[in-house]
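Engineer: I'll drop the sequence and a predicted model, then ask my questions.
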Amino acid sequence: MDLGITGRRAAVAAGSAGLGLATARALIGDGVSVAICGRSQDRVDAALSELGPNAIGIIADLSNAEGAIGFAHSAAEQLGGHLDIVVANSGGPPPGFASSTSIEAYLEALHLNFLSTVALCNETVGPMRIAGWGRILAITSVGARQPIGFLAASSSARAAVTSYIKNLATEVAGEGVCANTIQPGTHATDRIAKLGGDQLDSLRADIPAGAPGDPTQFGQVAAFLCSEPARFIVGASLPVDGGATRALQ
């Protein structure tokens, strides 16, 4: 299927590993030039060796708005023009239950998962509106749809991202810019690969599909949401979780 995005320029935040890397790989496979970022030079270099010549790497700390804005500027400059596609993504805050998570931990989660996304998107959406074409996709979590009790800070911050993207989507849809979120469940990333047999069995039992998801397939779904045929998908939040969440919406 031709996604109609060959020659486009994309920035994938936290794209040096995990689902961000899988998304960057899928976009490059569809002819997109991609800028990724990470905090570790070694990890960024390893990702670039896999992604090939259509990728550039930027060292950036997305735990604050300034880092997200800096990544946006560097990506546009090094790719040679405004960004057509922006994938907002970041790591998760530490676990903790709602009443035992400190205010400081909630604030850190908001900066990492929410405010950095707002900064990245607000910084890049203007040129998309002028050009009459753009795609914004935030990688959040199924916890934004069905809160995860021991990930209270993450679930709260990612729910805030979902609300922001919904508002942004309705604001810019008439100008050729589509904004959506994608909500991953458990996927077979390096973190999951380190789990023991009993832990993996427990995970499988909670996933109707029977196993953690394939990151490569996740990346392909994410790339579709950034495509030309996805132009009528506006403000959606798509769970990619093997049926793990039970919510209707």
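Structural biologist: Arrived safely.
Engineer: Could you point out the longest strand of the protein?
Structural biologist: If you go by DSSP state E, the chain has its longest strand at strand 177-184.
Engineer: Give the other helices and strands that it contacts.
Structural biologist: helix 116-131, strand 134-139, helix 152-172, helix 215-225, strand 237-240 (3 or more Cβ pairs under 8 Å, 6 or more residues apart in numbering; DSSP states H and E). Every residue, glycine included, has its C-beta placed from N, CA and C.
Engineer: now the first one and helix 152-172, what's the angle there?
Structural biologist: Translated: helix 116-131. Direction vectors for helix 116-131 and helix 152-172, defined by axes from the mean of the first three to the mean of the last three Cα atoms, to 10 degrees, enclose an angle of 10 degrees.
Engineer: Contacts for helix 116-131, please.
Structural biologist: With contact meaning Cβ atoms under 8 Å, 6 or more residues apart in numbering, helix 116-131 is reached by 11, 13, 62-69, 71-73, 76, 82-84, 86, 88, 90, 134, 136, 138, 161, 164-165, 168, 172, 175-177, 179.
Engineer: about what we covered before: okay, the longest strand of the chain in PDB with CA atoms only?
Structural biologist: Taking Å, rounded to 0.1, in the frame of the first residue of the first chain, the C-alpha atoms of strand 177-184 are listed here in PDB:
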ATOM      1  CA  VAL A 177      -3.300  18.700   9.400                       C
ATOM      2  CA  CYS A 178      -4.300  15.500  11.200                       C
ATOM      3  CA  ALA A 179      -3.500  14.900  14.800                       C
ATOM      4  CA  ASN A 180      -4.100  11.600  16.600                       C
ATOM      5  CA  THR A 181      -2.800   9.400  19.400                       C
ATOM      6  CA  ILE A 182      -1.800   5.800  19.400                       C
ATOM      7  CA  GLN A 183      -2.100   3.800  22.600                       C
ATOM      8  CA  PRO A 184       0.300   0.900  22.900                       C
END
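Engineer: Describe which strands that strand pairs with in its sheet and in which direction.
Structural biologist: Note on strand 177-184: by DSSP bridges, its sheet partners are strand 134-139 (parallel), strand 237-240 (parallel).
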